Structures are given as structure tokens and as C-alpha cells.
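In: need a 3D model of the following:
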Amino acid sequence: MNLSHLIELHHLARQEADRYPQKRFLYQQLEQNSGRHFLGIIGPRGVGKTILLKQLAREHPDAFYISLDTLEEDDLFDIARTLLETQRIRLLLLDEIHFYPHYARDLKKIYDFLNLKVIFTSSAALTIHQSMYDLSRRVQLLTMFPFSFREYLFFKENLSLPALTFADILEKRWQPEHLRYAHLFEKYLQGGLYPFSLEEQDIFPLLQNILQKVLYRDIPAIEDLRASEIASLEKMVRFIARSAIDGINYTSLSQNIAITRYKAEKFVKLLEKAFILNVVLPTGTNVLKEPKIVMNLPYRLLFTDYREAIGGIREDFFVETMRMKGYRFYYLKSRRGQKTPDYLVETEAGEFILEVGGKGKGREQFKGIDKKKSLIFTHSLSVTGMYRPLLLLGFL
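Out: Next up, the predicted model:
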């Protein structure tokens, strides 16, 4: 163990945190978290998990930051014990923990035998989920998503606006400032939700690199896939990105990718855990148990033009926002030939029936439906009747 080298890297990490005075909204949640359990932060690559840990290291003198991809044959438990004894640390910050092959074993030992708090991160959510059975009572997992539109404005414009609820949106209880930055919503949808967009003019080479790492490193690390199956995964992502939202399900993927339905479902679930796809279950009567499959923003734009993809992008935004905020929601599907709204969302103010679309979205889908808690979210600033601007969802 080269302790002096680890200490040097820790100090460099604290210095780098000085470049990032603004903190993700999740930071405050970590500071307020109490209890004996460790915290694990999972999320897509590129959302700022590493910077978050370095900021914690800077703010806490008794913390110590280690990036696990810098360790070689060292024993993590021995390192933790040595740091506790020699540096008197109380908080151990472990970045990209999946690079250490015995992390589950050593986290259990640290929890059981050392008086230390541990916060760790991982971009390989697939691997971490598999280990949670052994770590369940010792570790609480938190997901760090990309920016909401509200958080994007905080970072880009240094603008702090209050969060809204569905009831606020229904009753038009927002501030003028919530709609004043509508011109930035397009940039947000086209990649601004990723923190690295604040420093990079063109985010898509980085996004393409993230996708390749997921397909060729993260997923094969937990699933024994043949080269042809990895190629089918990539083909599936491309097909979903270039297709209309309606009709994308396990059966249609099986037919178009030339794989079994079982394999289509397996691949979709892997891509969902890797933060590439989102799966929405149906509700209503006479429905097959086929989910609606959309993409995480803005992966669709790796394969198609923004104007061509705008319908899918809107629904990607809606679904990802509901996931970020932890709402239970379903897509609505009824008998063939009948038009229905898009989604049912369970909120603190009851169930809402929602439609998501462009400026010309009509009201015919709501025929026969109680309109007291029904809204149409459109890509405009219209607030008449049932209509509300889609961007307001970004302030939930």
C-alpha cells in the first residue's frame, strides 16, 4: 500500500473541487442523510458523481477520497483501517467502486468492524444491483439523474426557482420566471441535461462514447453475451431511436431485430438498468402486458435529427422527468380504434390524466374522461383551458 500516493491523490481531488462551486441538488440530501448505513450513488455516466464526491472531500476535513480505478492489488479493507488509524478519518469516499473486484466483501467488513461512514459511486448500475442482495441492510442506494430543467437553469443561469407540484401546474400557481427561460428548453432537450454540456459545445461525441462503454463494457461485464448479441443490442438501440414511439414493445422489437421475444425483453431490461431506455407499464382495460419503451434523453439524437425525433423527444422528457421525481405512472391503452390520453400519474393531489404533444395537440382523447385533473402538455407556452407548457414539468 502506497499511502503517501493515496494522500497526494486525495489532496488533488480536493483542489479540483475548487473549480466547481455549484453543487448538484443531491448534495444537500447527502449532507442531511443520517444513520449507520452506507450510501451508494448510482446513475448514468457523465452526471457528476465524481465531482460530487470531491466536493464532499473538500467540505469535510475528516473525509478521504479514493478513486478505485487507481488501486492495483491493494486490499480496500486494509486501506480503510490504515486511514482510520493514521489519518483519523470518519468518512470514506469511494469513486467508481465497481473497478474493485471485491467491493461487496470489503464493504461488509468495513461496515461490521470499522467506525466509518462510506459513500461510494458507480456508473455500472447493473453490477451494483446484482450485489445489493448481500449489501441490502448495510447500503442505501440513491440514483443521481441528469439535470432537471430547474437544476439546469440553476447551473447555467445561476437561477434558483421554487419547485412546482402537479397541483401548482393545474391551478396555474407558478411565477412568471418559470416561463421566462423557455428559449433554453430546446438546448436542454438536446443534451443540456448533462452537466458536461456546460463545458462542451458538442456533447454527442462524448454521448456516443458513453453508449459504446455501456454496450461493450458494462453490459458484457454482468451478462455472458456473444458478439452477435452485443450487435443485436446496438441494433435495438438504433431501431428504437429511429422509430415512432407507438408500437415499440417486446413483440415489435423481436420481429424487427430478429431475436426471440424472451431475448428482446432481457435486452430491454439491461438497457433500462444502464440508463439508456425507460420502460413504462400499461394500465386500463383489455390490455396486453406489453410495455411502452422510450429512451433516456438525448440518446435518440445520436441516430436521428432533432426535428424528425421531436415527438419521441417530448415523451422521453416526460418519462425521464417522472422517473427523476419518483412518480408512479402508467401509459393508457384501451380497445383498438379508441383514442385515449397518454399517461396516468399518481400524485400527492390524486391521479392526473395527461397528454403530451406538440402545439396542435387536440382534446378529443379526453372524451368521456373527468377533466378535473386532466392536462395537455404541449411544446408551447399556451396556458388556456387544459393546456400547459411542457417545460413546466421540468420544475417538479
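In: mind listing the strands for the stretch 101-250 of the chain?
Out: 117-122, 139-143 (DSSP state E, counting those that start in this stretch).
In: elements contacting the longest one?
Out: Here strand 117-122 touches strand 38-42, helix 49-59, strand 91-95, helix 103-113, going by 3 or more CB pairs under 8 Å, 6 or more residues apart in numbering; DSSP states H and E. In short, each C-beta sits where N, CA and C put it, glycine included.
In: re earlier: okay if I get the strands of the stretch 101-250 of the chain as a markdown table plus mean pLDDT, distance to I128 and mean neighbour count?
Out: Converted to a markdown table, the strands of the stretch 101-250 of the chain look like this (pLDDT from 0 to 100; distance: least, CB to CB, whole Å; neighbours: other CB atoms under 10 Å):
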| stretch | mean pLDDT | distance to I128 | mean neighbour count |
| --- | --- | --- | --- |
| strand 117-122 | 95 | 5 | 23 |
| strand 139-143 | 93 | 7 | 16 |
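In: of the ones you listed, which is nearest S34?
Out: When those are compared by CB to CB, strand 117-122 sits nearest S34, at 9.7 Å.
In: and the closest one with strand 91-95, angle?
Out: In terms of direction (axes from the mean of the first three to the mean of the last three CA atoms, to 10 degrees), strand 117-122 departs from strand 91-95 by 10 degrees.
In: what pairs with strand 117-122, parallel or antiparallel?
Out: Strand 117-122 pairs in its sheet with strand 38-42 (parallel), strand 91-95 (parallel), by DSSP bridges.
In: report the distance from stretch 306-319 to the chain centre.
Out: 16 Å (CA atoms, centre = their mean, to the nearest Å).
In: ok so, going back, need the helices and strands packed on strand 117-122 in TSV with mean pLDDT and distance to S228, can you?
Out: Compiled in TSV, these are given as follows (pLDDT from 0 to 100; distance: least, CB to CB, whole Å):
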stretch	mean pLDDT	distance to S228
strand 38-42	95	29
helix 49-59	98	33
strand 91-95	97	34
helix 103-113	94	31
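In: tell me which of these sits most buried.
Out: Each of the helices and strands packed on strand 117-122 was scored by mean neighbour count; the highest is strand 91-95, a mean of 23, by mean count of other CB atoms under 10 Å.
In: now it, how far from the centre of its chain.
Out: The chain centre lies 22 Å from the centre of strand 91-95; the measure is CA atoms, centre = their mean.
In: and stretch 97-105, by the same measure?
Out: For stretch 97-105, the distance to the chain centre is 22 Å (CA atoms, centre = their mean).
In: which residues sit against it?
Out: 40, 68-69, 71, 76, 94, 106-107, 120-124, 127-128, 131, 134-135, 221 (CB atoms under 8 Å, 6 or more residues apart in numbering).
In: tabulate the strands of the stretch 101-250 of the chain (JSON lines), appending distance to F64.
Out: Listed next are the strands of the stretch 101-250 of the chain as JSON lines, based on distance: least, CB to CB, whole Å:
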{"stretch": "strand 117-122", "distance to F64": "10"}
{"stretch": "strand 139-143", "distance to F64": "19"}
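In: and Y343, which of these is closest to it?
Out: Closest among the strands of the stretch 101-250 of the chain, using CB to CB: strand 139-143, at 20.8 Å.
In: any stretches of the stretch 201-350 of the chain with poor pLDDT?
Out: Scanning the stretch 201-350 of the chain for pLDDT under 70 picks out the ranges 284-288, 334-339.
In: thinking again about what came up before, just send the helices and strands packed on strand 117-122 back as JSON lines, with distance to N278 too.
Out: Below are the helices and strands packed on strand 117-122 laid out as JSON lines (distance: least, CB to CB, whole Å):
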{"stretch": "strand 38-42", "distance to N278": "16"}
{"stretch": "helix 49-59", "distance to N278": "20"}
{"stretch": "strand 91-95", "distance to N278": "26"}
{"stretch": "helix 103-113", "distance to N278": "27"}
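In: closest to I376 out of the ones you listed?
Out: Closest to I376 of those, according to CB to CB: strand 38-42, at 34.2 Å.
In: pull the number of nearby residues for the residue lying closest to L164 once chain neighbours are set aside.
Out: Excluding the flanking residues, the one nearest L164 by CB to CB, 6 or more residues apart in numbering is F395, at 4.4 Å. A total of 22 residues lie near F395 under the criterion other CB atoms under 10 Å.
In: contacts only, for F395.
Out: By CB under 8 Å, 6+ apart, the residues touching F395 are S148, F149, R150, L161, P162, A163, L164, W174, H178.
In: separation between it and D342?
Out: 20 Å (CB to CB, to the nearest Å).
In: repeat that for T283.
Out: T283 sits 12 Å away from D342, going by CB to CB.
In: and what of L56?
Out: In this view, L56 and D342 are 39 Å apart by CB to CB.
In: check which helix or strand F317 maps to.
Out: Per DSSP states H and E, F317 falls inside helix 306-325.
In: check R363 and give its pLDDT.
Out: In this model, R363 is scored at 63, pLDDT.
In: which one of the helices and strands packed on strand 117-122 lies closest to V356?
Out: Here strand 38-42 is closest among the helices and strands packed on strand 117-122 (CB to CB), at 27.3 Å.
In: just give me how far the closest one sits from the chain centre.
Out: Relative to the mean C-alpha coordinate of its chain, strand 38-42 is positioned 14 Å out (CA atoms, centre = their mean).
In: please work out which residues outside stretch 164-179 touch it.
Out: Here stretch 164-179 makes contact (CB under 8 Å, 6+ apart) with 159, 161-162, 345, 347-349, 352, 373, 375, 381, 383, 388-389, 391-393, 395-396.
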